[in-house]
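> next one to model:
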Amino acid sequence: MLIQDLMWDVFTNTGEVTAYLLYRQCQECYSVYETKGRSGK
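Reported below is the predicted structural model:
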């Protein structure tokens, strides 16, 4: 979650939309990871 936190900080401090989009992508990936389990299957 370090990248997600970093992207959120970049977005809130600079308003960079790309950072927000990466933040959202991290959220989606994490949700899939937790749903499928740690094995990814």
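
> go through the helix or strand encompassing residue 6 and flag the buried ones.
With secondary structure defined by DSSP states H and E, residue 6 is part of helix 2-14. Neighbour counts over helix 2-14 (16 or more other Cβ atoms under 10 Å) mark 4, 7-8, 10-11 as buried. The C-beta positions use only the backbone N, C-alpha and C, and glycine is treated the same way.

> wait, which of those is closest to residue 22?
Proximity to residue 22 was ranked across the buried residues of helix 2-14 by Cβ to Cβ; first place goes to residue 7, at 4.5 Å.

> count the residues that sit near the closest residue to the closest one other than its chain neighbours.
In space, not counting the residues next to it along the chain, residue 7 is nearest to residue 23; the distance is 4.0 Å by Cβ to Cβ, 6 or more residues apart in numbering. Residue neighbour count, defined by other Cβ atoms under 10 Å, stands at 19 for residue 23.

> residue 23 reaches residue 4, doesn't it?
Yes. Under the criterion of Cβ atoms under 8 Å, residue 23 is in contact with residue 4, at a separation of 5.8 Å.

> rewinding a little: could I get the buried residues of helix 2-14 in TSV, plus columns for pLDDT?
Conversion of the buried residues of helix 2-14 to TSV gives the following (pLDDT from 0 to 100):
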residue	pLDDT
4	87
7	92
8	92
10	94
11	94
